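S.K.: Here is my input, please return the structure:
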Amino acid sequence: MPSLSPTNPIALIHQSTTGFLSSLQELHDQKDSSSFFKCQRSFHAHIDTPQSAIESLSSHLAHLVWKKLENPHLYAKSASSFDTDLVSNDGFVESLFVEWDEVENDDEVERLANVGDASGTSSILSESASGTAKKEHTTTDDDDLHFRDVENRPELTAQYILVLSALNFCFWPAVERTGEVDEDTPQLTQVLDYPDLARSLKSIAEKRPQSFSALNLSRLTADDLCEWLGSSNIPLLHERVRLLNEVGIILERYFDGEASILIEKARRSACALVSLITSYFPGFRDHCISPVDGRQVFFYKRAQIFVADVWGAFSGKGLGDFYDINQITMFADYQVPQVLRHLGLMVYDEHLSGLVDNNIVIPAGSVEELEIRACTIRVVEDIRKILEQKHRIRCKSIEIDWYLWQQGESLKRRSSTLKPHHRTFTIYY
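M.R.: Numbers count the residues shown, from 1 in each chain. Okay, here's the model as predicted:
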């Protein structure tokens, strides 16, 4: 039986990504002429993360939270106007922000300082992506998109989330549609995107719930998955099948076939659940060896998003009651760094811009890929710390992630200046 590592997996993520970025910067700045540094001379930092931009976006998010709590109607109007100009104009942001010392009621201060509970900042930041009301959490509580029946079928809800998390990666490349937007610009569409995946699996859960049994998952074929998703043109199809087979085998062998039992064994600890998933399910072990210094770098994107989605779907209750959910990091993927770059919080150098903007595949485990993912985690953590330390707003990294991800969905629909996301073939995100 796999042994549960005593090391906090979230601490590993912070330590390894911070260490990687530090080593990269040291090489970038290194004047040493030793043979080691000569052979490493091609390694250098490609991304700048301007503190002024991070501060400005943090102030804007603080403003959204305060405005929502003080005047919901005014908030809805301002939230829909969020764009790049807000993070590049400090004066405008400062004029919007409501100073903490203007709140005179101690009870109100305490309420504002703790908006980041299971029904607070997550709803406020997620709603601000579109300016329209959403439910409490931004992922698996959207009943139009996801299967969710926590009252009558909590076990099936947990099983659905695990299956979804196992397949939540690589929603590209795009293919050209028939027809054109204009004479010179062919229109591209994804062969599979996240909403397609979530809705297709929701339909299976509703109509054929036994399909998600551990036994059936262990026997799933490529034809079965294509039928589930309504397409035969699925990126990394055979890897997705292998991962679902693995989920079924491991659930049957160690957890009586139930994702709910896996969750219960974590004893209300989000960190323990991440550790359980990465200990038992090899396909969730999102890590690599840094080519800069040989250290092991951890991200655990899909393991963490499983935990966060359980927390969201169950509104922090029942199976979703985790006392340490605030320790989960953001989910280092494609869309959040794309949004952070658009907003000026991550600035790519000419080399990296050339790769990303021309849709050139960046190899998994390369310095460029690791730097994009590590910087994304660091920027979101910086935003969270600024919100708490300067604006007295406690929120979770995953809530900031959800907000930025929804901003990305909105920008893809309405922005003509949104640059491509980086391309990396991987099962991890």
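
S.K.: what about the strands in this protein?
M.R.: With strands called from DSSP state E, the chain shows them at 47-48, 174-180, 186-190, 287-289, 296-298, 347-348.

S.K.: Distance from stretch 342-359 to the middle of the chain?
M.R.: 19 Å (CA atoms, centre = their mean, to the nearest Å).

S.K.: Could I have the CA atoms of it written out in CSV?
M.R.: What follows is stretch 342-359 as a C-alpha-only set of coordinates in CSV (Å, rounded to 0.1, in the frame of the first residue of the first chain):
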residue,chain,number,x,y,z
HIS,A,342,-2.7,40.6,-20.2
LEU,A,343,-3.0,42.7,-17.1
GLY,A,344,0.7,43.4,-16.9
LEU,A,345,1.4,41.4,-13.7
MET,A,346,3.6,39.0,-15.7
VAL,A,347,5.8,40.5,-18.4
TYR,A,348,7.5,38.1,-20.8
ASP,A,349,10.9,38.9,-22.4
GLU,A,350,11.3,38.8,-26.2
HIS,A,351,12.3,35.1,-26.2
LEU,A,352,9.3,33.9,-24.2
SER,A,353,6.9,36.2,-26.0
GLY,A,354,8.1,34.9,-29.3
LEU,A,355,7.4,31.3,-28.2
VAL,A,356,4.0,32.0,-26.7
ASP,A,357,2.7,34.5,-29.2
ASN,A,358,3.6,32.2,-32.1
ASN,A,359,1.9,29.2,-30.5
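
S.K.: Not counting that stretch itself, show me its contacts.
M.R.: Stretch 342-359 is contacted from outside by 46-50, 53-54, 57, 84, 87-88, 337, 340-341, 360, 362, 368, 371-372, 375-376, 379, 411, 415, 417-423, using CB atoms under 8 Å, 6 or more residues apart in numbering. The C-beta positions use only the backbone N, C-alpha and C, and glycine is treated the same way.

S.K.: Show me just the buried residues among these.
M.R.: Listed as buried from the contacts of stretch 342-359 are 46-47, 49, 53-54, 57, 87, 337, 340-341, 362, 368, 371-372, 375-376, 379, 411, 418, 420-423; burial here means 16 or more other CB atoms under 10 Å.

S.K.: Filter those residues down to the ones in helices?
M.R.: Those of those mapping onto helices are 53-54, 57, 87, 337, 340-341, 368, 371-372, 375-376, 379, 411, per DSSP state H.

S.K.: would you list the residues you listed in TSV and tack on distance to residue 405 and pLDDT?
M.R.: Listed next are those as TSV, based on distance: CB to CB, whole Å; pLDDT from 0 to 100:
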residue	distance to residue 405	pLDDT
53	19	96
54	18	97
57	15	94
87	17	34
337	11	98
340	11	97
341	14	97
368	22	97
371	20	98
372	16	98
375	17	98
376	11	98
379	14	98
411	11	91
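
S.K.: can I get those in TSV with distance to residue 249?
M.R.: Formatted as TSV, these follow (distance: CB to CB, whole Å):
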residue	distance to residue 249
53	46
54	43
57	43
87	47
337	33
340	38
341	39
368	35
371	35
372	33
375	36
376	32
379	38
411	40
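
S.K.: pLDDT weak spots in the stretch 151-300 of the chain?
M.R.: The model of the stretch 151-300 of the chain has pLDDT under 70 over residues 174-191.

S.K.: cutoff 80 now
M.R.: 173-191 (pLDDT under 80).

S.K.: just the helices in it please.
M.R.: 154-167, 194-207, 214-218, 222-229, 237-254, 259-264, 270-280 (DSSP state H, counting those that start in this stretch).

S.K.: Give me the contact list for the fourth one.
M.R.: The set of residues that contact helix 222-229 without belonging to it, under CB under 8 Å, 6+ apart, is 192, 196-197, 200-201, 204, 211, 232, 234, 237-238, 240-241, 244.

S.K.: need the contact list for residue 147.
M.R.: If you count contacts by CB under 8 Å, 6+ apart, residue 147 has them with 156, 157, 160, 201, 202, 205, 206.

S.K.: ok, for the last one, nearest residue in space, not its chain neighbours?
M.R.: What it means is residue 206. Distances taken as CB to CB, 6 or more residues apart in numbering put residue 147 closest to residue 206, at 6.5 Å, once the chain neighbours are dropped.

S.K.: confidence score at the one you found?
M.R.: In this model, residue 147 is scored at 97, pLDDT.

S.K.: what about it, distance to residue 405?
M.R.: Distance, residue 147 to residue 405, by CB to CB, to the nearest Å: 20 Å.

S.K.: contacts for stretch 195-213?
M.R.: 145-147, 153, 156, 159-160, 163-164, 167-168, 171, 216-217, 228-230, 248, 257.

S.K.: now those residues: which count as buried?
M.R.: The buried subset of those (16+ other CB under 10 Å) comprises 146-147, 153, 156, 159-160, 163-164, 167-168, 171, 217, 228-229, 248, 257.

S.K.: Enumerate every residue touching residue 264.
M.R.: Shown in contact with residue 264 (CB under 8 Å, 6+ apart): residue 319.

S.K.: at 10 Å instead, please
M.R.: Residues in contact with residue 264 (CB atoms under 10 Å, 6 or more residues apart in numbering) are 158, 255, 258, 273, 319.

S.K.: What count of nearby residues applies to the third one?
M.R.: By the criterion of other CB atoms under 10 Å, residue 258 has 18 neighbours.

S.K.: Same question for the second one.
M.R.: The burial count assigned to residue 255 is 18, neighbours taken as other CB under 10 Å.

S.K.: gap between the residue nearest the centre of the chain and residue 294?
M.R.: Central residue of the chain (CA atoms, centre = their mean): residue 331, 2.9 Å from the mean position. Residue 331 sits 26 Å away from residue 294, going by CB to CB.

S.K.: One more: residue 422?
M.R.: 23 Å.

S.K.: do residue 414 as well
M.R.: With distances taken as CB to CB, residue 414 is found 44 Å from residue 294.

S.K.: give the contact list for the closest residue to residue 263 other than its chain neighbours.
M.R.: Nearest non-adjacent residue to residue 263, counting by CB to CB, 6+ apart: residue 319, 5.0 Å away. Residues in contact with residue 319 (CB under 10 Å, 6+ apart) are 150, 154-155, 157-158, 161, 259-260, 262-264, 266, 268, 310-311, 313.

S.K.: just residue 333 next, same as before
M.R.: Counting by CB under 10 Å, 6+ apart, residue 333 touches 168-169, 171, 299, 301-302, 305, 372-373, 376, 401, 405, 408, 421-422, 424, 428-429.

S.K.: quick one: the helices in the stretch 301-429 of the chain?
M.R.: Counting by DSSP H, counting those that start in this stretch, the helices of the stretch 301-429 of the chain are 301-313, 335-342, 350-357, 367-391, 397-414.

S.K.: Alright, I will stop here.
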